[in-house]
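Colleague: Dropping the sequence and predicted coords here.
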Amino acid sequence: MQHQLRVIKPEDYFILDEPYYEPVGDEIAVFEAAYHHGLPILLKGPTGCGKTRFMEHMAWRLKRPLITVSCHDDLTSSDLVGRFLVKGGETIWVDGPLARAVRAGGICYLDEIVEARKDTTVVIHPLADDRRCLPMEKVGELLEAPTEFCLAISYNPGYQSVLKDLKQSTRQRFVALEFDYPGAALEQRIVEKESGIASGAARQLVKFAHMTRNLKGQGLDEGASTRLLVHAAKLMVAGVAPVVACKSAVAQALTDDPDMLTAINELSGSLF
Amino acid sequence: MSPTTPLTAAELEDRMDRYLDPALSSRRTAARPAADLAGFSAAEQGFVLHWGAVIAKDNAELAYQFTAFAPRAMGLMDLDAVQSWLLYAMDLYDKKGQLPAIRALQEVAEFASNQQEKLAGRALEDCVGVLERFVCGLNGRPLKLAAGDRHYTDTEQCLLPPVIGRLPDPEANFRLYKAMVVHQWAQNWYGTWRGGVLLEAVATRGLTGAGLGLFHALEQVRLDACIARDFPGLQRDMAALRHVLDRGAEGRAPDWSAVTAALADPAAGVADSLNLTARLHGRRPDTCCYRGALDPDAVRACLESRVALERDLFRIALARLVEDQDGRPPGAEQPEALTLPETAARLGAQRRADPDSPTGLRFELLLDGKPVAPPDDVRSVMESILQDHGEIPPEYLVAAGPGLYRRAAADAGRDPDAVWAGTYHEEGAFLYDEWDHERRHHRKGWCVLREHAVPPASLDCYHRTLAKHRGLIKSIRRTFEVLRGEERIARRQPHGEDVDLDALVDAYADCRAGLEQTDRLFTRLHRDERNIAVLFMVDMSGSTKGWINDAERESLILLAEALHTLGDRFAIYGFSGWTRKRCECYPVKRFAEPYDDSAKARICGIAPRDYTRMGAPIRHLTKLLRAQDARTRLLITLSDGKPDDYDHQYRGVYGIEDTRAALFEARRDGIHPFCITIDEQGADYLPHMYGPANYAVIADVGKLPLKVSDIYRKLTS
Ligand SMILES: Nc1ncnc2c1ncn2[C@@H]1O[C@H](COP(=O)(O)OP(=O)(O)OP(=O)(O)O)[C@@H](O)[C@H]1O
Ligand SMILES: [Mg+2]
């Protein structure tokens, strides 16, 4: 695959080619229904199970620009809404990604929302209920979202930390879609399609993923995600030996514990 | 040790007399060992004298045996190997007692010859971590690995030789271990014991001895074929091992593979292996390096206790599912006889084909005709049941009646000794290592720690404390309020939410004056978030009885009030215990629990218990604290003295060193330990245990409540 560098404004980020997405259940229908009724959407699920890919796919389907914000613990509300900048002695207001998405009637996807500071999370509340508006206190304006605008957030319930839990007042505003790793046959097909690997090898990779998922809670925080399988498969397609590919793309990504690493490498070795 | 001149026999005897005294008599003196040792270098002599004295503190007889056999050992092995010989014997002493330990010391020649093998070989101890994870990844019921003199499985444990040195390098010996584990795992996964077919044949058809051996060899053919289909990599490894180690066996029976070929069919089951055993009666099986043995008695015993337990667990889980669905426990108001058939009619298990499962089947739980997703713990019980039975027997599909359900909810406290009995009984108990400073190694899983509930007491004590310290509380609140993370506006920032007008005006002026214009023109809201999690570990040993205990409770109440104001996350755990098998932690307030009346009542319920074995509680609480996502994590101990326990060994240096090691481990995990004590002798040992700046001694118990808050404020501001 060859890609050229393109510089585009976030609100112009229309996805033109259909992103490959393999539906696991009725998530596409539910998302579309929610979208057409102006309801915000919460995607739940472990890392690397296709949430971002799903959003890209939906943005393409609905022909709206997709504006993604990865949340982190320093993210303030002005990082989302906007702030003043000073240029050549003049102050000018610059919209944040959330405001830009509202203006452009795009899809704003706040990834890993629980990572954001608690006081930041509340700025999305008015957008996420039937008011559908974004107050911009600093400039004394109120943006009322057009029908095309859509707010989606993602959240990984696997991190069982009291701190990283979504507040009820936030989560109860959203239509929730639960994601998990796809079933074995589907996951195999995804790995094949994404990497071009032969079906036998893809099947073994999926089996390997299940082995690591058996170790969840037994020394691993998470098993291998679909994303890691795709990585391993791409390495294998490029001619890397399967055991080495599993080691670099999966085992090392999962843990630093030496015993666990050896065990995971033995597991991949038992399959190939 | 410095290179000095060796001691003479007489000098050695004199030194030995000192530590061996209780083991010596007029008929047994240290003369002989001393004479034997006289020929060795000063360093070697020092080694024997040092360890002899160390062991003598535990057991003088053992020390004598060691001293007597050490010269021979040093003649046979280098000092490192001699040390492993000694540690091996001491380990036996810890686990099995004096006699086996003495025997191990006396069998020094055998140990030395094994030692050579061990150099090339692998010790189970060193690879058990990898193997256990490996087998857990393979799927199925987790198998515990342990060393044993025979190699078999009881379906929960997998016993393996302690050392393998049959192959020339450690890597290859590890592969042999792996093959042994896989073979035993395969018995469980591919159904050697499933459905009781084999146990029945053993009981009714007298399948024992040679017959059982033949069956095992045939069953192995079937299992190996399953492995070859599912795990080609494993199959390659295992075949390579047989190629090297089982050569003779191949030669003996050329038609073996032809006769057994039918067992390689994917549809073959344990019954086919049994039938073939009957047909080949009297035939000698081939040998196999990783086969080990079958022990039907062990399997039966294990199965009996597991089946009953899992049936109960499963039915209780079903009751929970039904309760979730109905919003009330099954048959809350009705007698058991009415509700049981009712839930039986509502529950079902749907079988589905699943080519990835070893039985070719998968089961889905149905409630009122709709599939329900069981929670993870239920799923693993269900899988274990399927592994044993191949299906969910109909009598399992009945939600537990009120009797069983309530019993489970109350979860009667178990006898701590039962903790050692088997896998299931360890649930709810935690095993922790302990540091043995003399032997300079961790004793693995040495301490058993359980959490026990604190019986809540009346809130009188709480109200009394508030009344008594009314003034103090106010001032503590005030000082703590100042600490509370507050929003602060940082000025002249390069980035920020708002324009800093002052800065802008200055910049404008600078610009006019032809000076360089700064880019620090913004204000930024800055929150000094107090990201602190603190865990208080409160001494509940017997010695705190009386006013110390009162002072502890008062301090905790004052502090909790202050922390509540401050918003810091906090937990309070009491600790006490009695010997290594009864280490106890008492959750007074867990991190996730609110500071409410019931937490207050539990603080009031803090009461003196037994001894102060500190290492295990520190390790336990470290683990809990580590799970807290906070920038600063504090472990603050309130105590009245040094670590102590009922067994003499823990008293004194041993206990102090173990505690020190536990604190060191905590620090390594990013936790700051601090100790507040009222022991005036504290300054003698606390700097060594906690480090110089990490403790406070409070002379006047009455001041404890005031001081604790004060110290906390200083520590965290
Ligand atoms: N249903 C699916 N259809 C197509 N591809 C998928 C699907 N699920 C997962 N993938 C593959 O897995 C990769 C990772 O998925 P994605 O980046 O969407 O994960 P995510 O859920 O957003 O993870 P994170 O929470 O870590 O951001 C994708 O790049 C894609 O290759
Ligand atoms: Mg993503």
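Modeller: Nice, I can see it. Note that the coordinates shown come from a computational prediction; the quantities given were computed from them, not determined experimentally. Ligands and ions are numbered 1, 2, ... in the order given.
Colleague: From the contact counts, what lies against the host helix or strand of residue B:316?
Modeller: Using DSSP states H and E, residue B:316 falls within helix B:296-326. For helix B:296-326, the packing partners by 3 or more Cβ pairs under 8 Å, 6 or more residues apart in numbering or on different chains; DSSP states H and E come out as helix B:197-204, helix B:336-346, strand B:361-367, helix B:376-389, helix B:402-410. In this view, the C-beta of every residue, glycine as well, is placed from N, C-alpha and C.
Colleague: Only C-alpha atoms, please: export the third one in CSV.
Modeller: Translated: strand B:361-367. Only the C-alpha atoms of strand B:361-367 are listed here, as CSV (Å, rounded to 0.1, in the frame of the first residue of the first chain):
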residue,chain,number,x,y,z
LEU,B,361,-19.7,-29.6,21.6
ARG,B,362,-20.4,-26.4,23.3
PHE,B,363,-23.1,-25.6,25.8
GLU,B,364,-25.2,-22.5,26.1
LEU,B,365,-27.1,-21.8,29.3
LEU,B,366,-30.8,-21.0,28.8
LEU,B,367,-33.1,-19.2,31.3
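Colleague: and it, anywhere near chain A?
Modeller: No - Strand B:361-367 stays clear of chain A (Cβ under 8 Å from any Cβ of the partner chain), getting no nearer than 11.2 Å.
Colleague: Dig out what residue A:111 forms beta bridges with.
Modeller: residue A:70 (DSSP bridges).
Colleague: gap between it and chain B?
Modeller: Applying Cβ to the nearest Cβ, to the nearest Å, the value for residue A:111 to chain B is 19 Å.
Colleague: Count the residues that sit near that residue.
Modeller: Neighbour count for residue A:111, taken as other Cβ atoms under 10 Å in any protein chain shown: 19.
Colleague: In the stretch 251-400 of chain B, where is pLDDT below threshold?
Modeller: The model of the stretch 251-400 of chain B has pLDDT under 70 over residues B:251-253, B:327-342, B:377.
Colleague: give the contact list for residue A:206.
Modeller: A:184, A:187-188, A:191, A:229 (Cβ atoms under 8 Å, 6 or more residues apart in numbering or on different chains).
Colleague: Filter these to keep only those in contact with chain B.
Modeller: Applying Cβ under 8 Å from any Cβ to the contacts of residue A:206, those adjacent to chain B are residue A:184.
Colleague: In contact with residue B:469, which residues are there?
Modeller: Applying Cβ under 8 Å, 6+ apart, we find residue B:469 in contact with B:554, B:558, B:705.
Colleague: how about a cut-off of 6 Å?
Modeller: By Cβ atoms under 6 Å, 6 or more residues apart in numbering or on different chains, residue B:469 lies in contact with nothing.
Colleague: Okay, domains of chain A per the record?
Modeller: A:10-178, A:184-271 (automatic domain parsing).
Colleague: As JSON lines, those with mean pLDDT would be great.
Modeller: Putting those into JSON lines (pLDDT from 0 to 100) gives the following:
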{"stretch": "domain A:10-178", "mean pLDDT": "88"}
{"stretch": "domain A:184-271", "mean pLDDT": "93"}
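Colleague: Comparing the ones you listed, which stretch has the densest surroundings?
Modeller: domain A:184-271 (a mean of 20; mean count of other Cβ atoms under 10 Å in any protein chain shown).
Colleague: quick one: stretch B:684-692 to chain centroid distance?
Modeller: 28 Å (Cα atoms, centre = their mean, to the nearest Å).
Colleague: nope, stretch A:226-237 is what I was after
Modeller: 18 Å.
Colleague: residues in contact with it?
Modeller: Under Cβ under 6 Å, 6+ apart, the answer for stretch A:226-237 is A:48-49, A:181, A:187, A:191, A:194-197, A:205, A:209, A:242, A:245-246, A:249-250, A:253.
Colleague: Could you do stretch B:184-199 as well?
Modeller: With Cβ under 6 Å, 6+ apart, stretch B:184-199 has contacts from B:135, B:138, B:140, B:153, B:155, B:158, B:219, B:223, B:226-227, B:270-271, B:296, B:299-300, B:358, B:390.
Colleague: Those residues, buried ones only, as a ChimeraX selection?
Modeller: The ChimeraX selection below is limited to those of the contacts of stretch B:184-199 classed as buried (16 or more other Cβ atoms under 10 Å in any protein chain shown):
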select /B:135,138,140,153,155,158,219,223,226,227,270,296,299,300,358,390
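Colleague: and the contacts of stretch B:184-199, which of them are in helices?
Modeller: Among those, the ones falling in helices (DSSP state H) are B:135, B:138, B:219, B:223, B:226-227, B:270-271, B:296, B:299-300.
Colleague: circling back to that earlier point, please work out the angle formed by the directions of the helix holding residue B:316 and helix B:376-389.
Modeller: Per axes from the mean of the first three to the mean of the last three Cα atoms, to 10 degrees, the angle that helix B:296-326 makes with helix B:376-389 is 140 degrees.
Colleague: What residues of the strand ranked longest in chain B count as buried?
Modeller: As assigned by DSSP state E, the longest strand anywhere in chain B is strand B:441-451. Buried residues in strand B:441-451, defined by neighbour count with 16+ other Cβ under 10 Å: B:443, B:446-451.
Colleague: ok, for residue B:466, nearest residue in space, not its chain neighbours?
Modeller: residue B:473 (6.5 Å; Cβ to Cβ, 6 or more residues apart in numbering or on different chains).
Colleague: Quick one, grab the pLDDT at the one you found.
Modeller: Looking at residue B:473, its pLDDT is 78.
Colleague: what about it, neighbour count?
Modeller: Residue B:473 has 20 neighbours, counted by other Cβ under 10 Å.
Colleague: Which secondary structure state does residue B:538 sit in?
Modeller: What DSSP: H, G, I helix; E, B strand; the rest coil gives for residue B:538 is strand.
Colleague: quick one: contacts for it?
Modeller: B:552, B:574, B:638.
Colleague: Can you flag the buried ones in the residues you listed?
Modeller: B:552, B:574, B:638.
Colleague: and the nearest residue to residue A:213 once chain neighbours are set aside, backbone torsions?
Modeller: Leaving aside its sequence neighbours, residue A:213 sits nearest to residue A:223 (Cβ to Cβ, 6+ apart; 3.1 Å). With angles defined as degrees, to the nearest 10, residue A:223 sits at phi -80, psi -180.
Colleague: Go ahead and confirm residue A:223 touches residue A:214.
Modeller: No - counting by Cβ atoms under 6 Å, residue A:223 does not reach residue A:214; the two are 7.4 Å apart.
Colleague: Sticking with residue 235, tell me its helix or strand.
Modeller: As the question left the chain open, I've gone with chain A. Short version, using DSSP H and E: residue A:235 is in helix A:226-237.
Colleague: right idea, wrong chain: chain B
Modeller: Going by DSSP H and E, residue B:235 is in helix B:232-245.
Colleague: That helix packs against which elements?
Modeller: Here helix B:232-245 touches helix A:258-271, helix B:170-189, helix B:209-230, going by 3 or more Cβ pairs under 6 Å, 6 or more residues apart in numbering or on different chains; DSSP states H and E.
Colleague: Report the buried residues of the helix holding residue B:316.
Modeller: Buried-residue list, helix B:296-326, by 16+ other Cβ under 10 Å: B:296, B:298-300, B:302-303, B:306-307, B:310-322.
Colleague: how much space is there between residue B:289 and residue B:273?
Modeller: 20 Å (Cβ to Cβ, to the nearest Å).
Colleague: And those two? Which one has more around it.
Modeller: Between residue B:289 and residue B:273, residue B:273 has the larger neighbour count (other Cβ under 10 Å), namely 25 against 19.
Colleague: what's the angle from the helix or strand hosting that one to helix B:209-230?
Modeller: According to DSSP H and E, residue B:273 maps onto helix B:270-279. For helix B:270-279 against helix B:209-230, the angle by the same axes, to 10 degrees is 140 degrees.
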